[in-house]
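Engineer: with the input below, show me the fold.
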Amino acid sequence: MENNHTTERQKGLFSDTLQRKRYLCALGMILLMVGMSEFLQEKEILFPEMAALTIGMWIVDKRVWRIRRGHLLALMSMGACVGVLIVRYSPLPLVLNIAMAFSCAAIGLWFARSSLFPLISACVLPVLLNTESWVYPLSVFIMTSILIIVQRLMEKGALRKEIIYEPVGREWKKDILRWGYLLLSVLAVSSLAVYSSYSYLIIPPLLVAFVEFTNSTAGFRNRPLLTVLLLVTGALVGVAFQLVGHCYLGLPEVVVALGIFIVLFTLFEWLGKFFAPVGALALIPMLLPAETLIWLPLQVAAGASLFIIIGLVFFQQCYKWSRAQLVYCLIPHYLLSRLSRNRKG
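Structural biologist: This is a model prediction of the structure:
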C-alpha cells in the first residue's frame, strides 16, 4: 500500500515537472516575440494571439482546437494577409471592414473544418489597429512555424500528449445559420463600439472569447461569470504592468511581459483552468497608446459582458435553463470548488 502511495506521489511530481517545462517553453516564446518587437522597434511583430496559441498548444495537455498543422500555418498566415489587404484596399467603413475580416476567418475555418478561433484575431487585429505593414503577416508566419515545430518536438519528447486531428463536422444549414448569427452579433457590437468611440469593446481577443463561448464544446460555456472575470483580469494585469512597469518605471517591455505571465500562469494554476484569450488580452496594452490604457479594463468588462449576454440569450437560450443551472453559472469556480470540498469533508 505504501509503495502505491509513493508511486502516486512520484507521478504527481513528474506531472508537475512536465507542466513547469511547458510553462517555461510558452514563456520563452512570448518573451522572444516581445523582445524582438522591442529590439527592432517594430510593433507589427507583436501578435498578442500568439500568447493564446502557446497556452492552448503547449501548456494545455489536451486538444484545445481542431486543426491540422499544415492548415494552422496556412490559415494564420492567410488570415494576417487578409487583414492587411482589407486595410490597404477596402474603401468600406471600419464597421464593415471588421465584419469582412470576421467573415473571411469564418469561411477559412469552415473550409478547413477547423475550430482554430484565434484566426479571427489574426484577421481583425490589423483592421482595428489600421496595420498596413507586411511585417505583421511575416511575423505571424514565422512565429506560427516555430509554434508548430516546437509542439512536435514536445510531443516526441513526451513533454505533452500527441494531438490527433479530428475534423469538425459539417452541417451546411446549421453552420451557415450559426456563423450568420455570430456575424450579426459582431456587427451590432462593432457598430456600438465604433460609433460611440469605445473601440476597445471589440478588441479581437473578445471576439475570439465570444466565439469560444458560443461553441457547443467550449469548456467555459457554463461559466459566464468566470469567463468575464478572467478577461477583465487579463486586461487589468496587462494595463497595470504596462503603465507602472514600462511607462512609469521605464522597464523594458520584455521584463513587463515576464511579470504579466508569471501572474497569469499563477492564476491559471490556482484556478486549475486555462482560457487562452486571457493571455492575448494581457498583451494588447503593449499595442495601444498609453493615454488610453486606463479605459481598457472598463471597456473590456463592458464588451465581455455584452458578448456573454448575447451568447447566453441567443445561442445558449439561458431563459430555458432551470434555476439551479442559472445559479451554478453565476457562482465563481473557486467558490464551487470550496463548497464541493466542504461537502466531501
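Engineer: contacts and neighbour counts: CA atoms only from here.
Structural biologist: Fine.
Engineer: next one, pLDDT for Pro224 please.
Structural biologist: With respect to pLDDT, Pro224 scores 89.
Engineer: from Ile310, how far off is it?
Structural biologist: 11 Å (Cα to Cα, to the nearest Å).
Engineer: more crowded one of the two?
Structural biologist: Taking other Cα atoms under 10 Å, Pro224 and Ile310 do not tie; Pro224 has more neighbours (22 against 18).
Engineer: what separates the more buried one from Leu283, distance-wise?
Structural biologist: Counting by Cα to Cα, the gap between Pro224 and Leu283 amounts to 22 Å.
Engineer: now Cys25
Structural biologist: From Cys25 over to Leu283 the distance is 17 Å, taken as Cα to Cα.
Engineer: comparing these two, which shows the higher neighbour count?
Structural biologist: Comparing Cys25 with Leu283 by neighbour count (other Cα under 10 Å), the higher total belongs to Leu283, at 29 against 19.
Engineer: wait, doesn't the more buried one sit right on Ala52?
Structural biologist: No: with contacts counted by Cα atoms under 8 Å, Leu283 stays clear of Ala52, the gap being 10.0 Å.
Engineer: how about stretch 68-78: buried residues?
Structural biologist: 68-69, 71-78 (16 or more other Cα atoms under 10 Å).
Engineer: out of those residues, who's nearest Ala122?
Structural biologist: Ranked by distance to Ala122 (Cα to Cα), those are led by Met76 at 6.5 Å.
Engineer: the most centrally placed residue in the chain: what secondary structure?
Structural biologist: The centroid of the chain falls nearest to Pro277 when counting by Cα atoms, centre = their mean (2.0 Å). The three-state label given to Pro277 by DSSP: H, G, I helix; E, B strand; the rest coil is helix.
Engineer: low-scoring pLDDT stretches of the chain, where are they?
Structural biologist: 1-15, 216-219, 332-345 (pLDDT under 70).
Engineer: and the gap between the residue nearest to the centre of the chain and Cys318?
Structural biologist: The gap separating Pro277 from Cys318 is 23 Å, by Cα to Cα.
Engineer: show me what the strand or helix carrying Thr54 is packed against.
Structural biologist: In this structure, Thr54 sits in helix 49-54 according to DSSP states H and E. Secondary structure elements in contact with helix 49-54, counted by 3 or more Cα pairs under 8 Å, 6 or more residues apart in numbering; DSSP states H and E, are helix 2-40, helix 118-129, helix 135-156, helix 276-283.
Engineer: tell me which of the ones you listed lies nearest to Leu183.
Structural biologist: Nearest to Leu183 among those is helix 118-129 (11.5 Å), distances taken as Cα to Cα.
Engineer: what angle do that closest one and helix 135-156 make?
Structural biologist: 160 degrees (axes from the mean of the first three to the mean of the last three Cα atoms, to 10 degrees).
Engineer: list the buried ones in helix 118-129?
Structural biologist: Neighbour counts over helix 118-129 (16+ other Cα under 10 Å) mark 118-128 as buried.
Engineer: then stretch 257-264?
Structural biologist: Those would be 257-261, 264, for stretch 257-264 by 16+ other Cα under 10 Å.
Engineer: check stretch 209-226 too.
Structural biologist: 209-215, 220-226.
Engineer: so what touches stretch 133-140?
Structural biologist: 44-47, 76-78, 80-81, 84 (Cα atoms under 8 Å, 6 or more residues apart in numbering).
Engineer: helix, strand or coil for Glu166?
Structural biologist: From three-state DSSP, the assignment for Glu166 is coil.
Engineer: likewise for Ile163?
Structural biologist: coil.
Engineer: name the SS class of the residue nearest to it when sequence neighbours are not counted, please.
Structural biologist: Nearest non-adjacent residue to Ile163, counting by Cα to Cα, 6 or more residues apart in numbering: Arg63, 6.1 Å away. Here Arg63 is coil, with the state taken from three-state DSSP.
Engineer: who's in contact with Arg63?
Structural biologist: Applying Cα under 8 Å, 6+ apart, the residues contacting Arg63 are 56-57, 163.
Engineer: got the phi/psi numbers for it?
Structural biologist: phi -70, psi 120 (degrees, to the nearest 10).
Engineer: mind checking how far it is from Leu116?
Structural biologist: Relative to Leu116, Arg63 is positioned 11 Å away (criterion: Cα to Cα).
Engineer: does Ile67 touch Tyr165 like I think?
Structural biologist: Yes: in this structure, Ile67 is within contact of Tyr165 by Cα under 8 Å, at 6.2 Å.
Engineer: just say which of the helices and strands packed on helix 49-54 is most tucked in.
Structural biologist: Among the helices and strands packed on helix 49-54, the stretch with the highest mean neighbour count (mean count of other Cα atoms under 10 Å) is helix 276-283, at a mean of 29.
Engineer: what angle separates that one from helix 118-129?
Structural biologist: Going by the same axes, to 10 degrees, helix 276-283 makes 30 degrees with helix 118-129.
Engineer: got the angle between whichever helix or strand comes after helix 276-283 and helix 276-283?
Structural biologist: Counting by DSSP H and E, the next helix or strand C-terminal to helix 276-283 is helix 296-310. Orientation check (the same axes, to 10 degrees): helix 296-310 against helix 276-283 gives 160 degrees.
Engineer: on contacts alone, who are the packing partners of helix 296-310?
Structural biologist: helix 204-214, helix 224-240.
Engineer: many thanks, have a good one.
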